[in-house]
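*Asks:* here's a sequence, model it:
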Amino acid sequence: MFVKITVGALLVFMIFNLFKAMMIMLKGDSQEPMSKYIGRRVLTSAAIMIILLIAMATGLITPNPRPY
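*Replies:* Have a look, this model is predicted:
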């Protein structure tokens, strides 16, 4: 259950950074670089993938055996 909550929180954080970068892009004359938020988004997605791989390897979560 903890893994699912952590992944969900990281997904919300990733979407927040996406919208923050969008607002900077739309303003155009901001002092903050947009790449800061895009980089956070990429780092968050990499962390999600690592957490999922570790959780599957340790048996905390199990993948669906058959999709149909």
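*Asks:* give me the low-pLDDT residue ranges for the chain?
*Replies:* Flagging of the chain using pLDDT under 70 yields an empty set of residue ranges.
*Asks:* do a quick rundown of the helices in it.
*Replies:* Remark: helices assigned in the chain by DSSP state H are 2-27, 34-58.
*Asks:* among those helices, which comes closest to residue 65?
*Replies:* With CB to CB as the measure, helix 34-58 is the member of those nearest residue 65 (12.7 Å). Every C-beta, even on glycine, is put in place using the N, C-alpha and C of the backbone.
*Asks:* got the angle for that closest one vs helix 2-27?
*Replies:* 160 degrees (axes from the mean of the first three to the mean of the last three CA atoms, to 10 degrees).
*Asks:* buried set for helix 34-58?
*Replies:* Residues 37, 38, 40, 41, 44, 48, 51, 55 are the ones in helix 34-58 that count as buried (16 or more other CB atoms under 10 Å).
*Asks:* hang on, the first one packs against residue 24?
*Replies:* Yes - in this structure residue 37 lies within contact range of residue 24 using CB atoms under 8 Å: 7.0 Å.
*Asks:* quick one on the thing from earlier: residue 66: which of the helices of the chain is closest?
*Replies:* Nearest of the helices of the chain (CB to CB): helix 34-58, 16.2 Å.
*Asks:* contacts for that closest one, please.
*Replies:* 3, 6-7, 10-11, 13-14, 17-18, 20-21, 24-25, 61-63 (CB atoms under 8 Å, 6 or more residues apart in numbering).
*Asks:* between those, which is closest to residue 31?
*Replies:* Using CB to CB, the contacts of helix 34-58 come closest to residue 31 at residue 24, 9.4 Å.
*Asks:* how near is residue 14 to residue 57?
*Replies:* To residue 57, residue 14 is 23 Å away according to CB to CB, to the nearest Å.
*Asks:* now do residue 50
*Replies:* For residue 50, the distance to residue 57 equals 11 Å [CB to CB].
*Asks:* same deal with residue 45?
*Replies:* 19 Å.
*Asks:* do residue 36 as well
*Replies:* Residue 36 sits 32 Å away from residue 57, taking CB to CB as the criterion.
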